[in-house]
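Asks: with the input below, show me the fold.
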Amino acid sequence: MKAKLQLIGLWALQILLAFVFAHVGRSKLFTGRSGWDAAFRQWGYPDHFYLLIGALEGLGGLLLLLPQTAFYGATLLCTVMAGAVIHHLLRGEMRAFSPGVLLLLAGVVLYARRPAFLRRRAGSATKAA
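Replies: Have a look, this model is predicted:
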């Protein structure tokens, strides 16, 4: 019963993150002058870099929806969110909190959906110690 509840919770988290990242990615890609272009320009990034970030966020969100690709989606999203956290911390911005929470949640999915070969390796390292 506990395993079933954990699986339901994991799926709920994946669907929530997929929705969030699909929404944020869409806002960067398809809403014209949403403010992202000006923000990324102000931060010193190249023109249209926000489109790449939006595409990566959208793709990561979509990958979370299939068990076979959820690990890769979570890996992609953790990478993007780690970059966002580092960026905002280096600039002294309080905006680091939101990507930090998303990084943490994507990290839960990353750990829970890790491939079997990583589970075996982690288990054998624990037994050896």
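Asks: quick one: the residue nearest the centre of the chain from residue 2, how far?
Replies: By C-alpha atoms, centre = their mean, the chain has its centre lying nearest to residue 77, at 2.4 Å. Going from residue 77 to residue 2 by C-beta to C-beta, to the nearest Å gives 27 Å. Where C-beta positions appear, they are placed from N, C-alpha and C, glycine not excepted.
Asks: for the lengthiest helix in the chain, packing partners?
Replies: When the chain is parsed with DSSP state H, its longest helix is helix 2-30. When contacts are defined as 3 or more C-beta pairs under 8 Å, 6 or more residues apart in numbering; DSSP states H and E, helix 2-30 packs onto helix 49-63, helix 70-90, helix 97-112.
Asks: where does the protein have its least confident helix or strand?
Replies: When each helix and strand of the chain is scored by mean pLDDT, DSSP states H and E, helix 116-128 comes last, with a mean of 64.
Asks: SS state for residue 66?
Replies: Following DSSP: H, G, I helix; E, B strand; the rest coil, we place residue 66 in the coil state.
Asks: so who does it touch?
Replies: Residues in contact with residue 66 (C-beta atoms under 8 Å, 6 or more residues apart in numbering): none are found.
Asks: give the buried residues for stretch 68-78.
Replies: 69-78 (16 or more other C-beta atoms under 10 Å).
Asks: what is the neighbour count of the closest residue to residue 29 other than its chain neighbours?
Replies: The shortest distance from residue 29 to any non-neighbouring residue, by C-beta to C-beta, 6 or more residues apart in numbering, is to residue 54 (4.3 Å). Counted with other C-beta atoms under 10 Å, the neighbours of residue 54 add up to 22.
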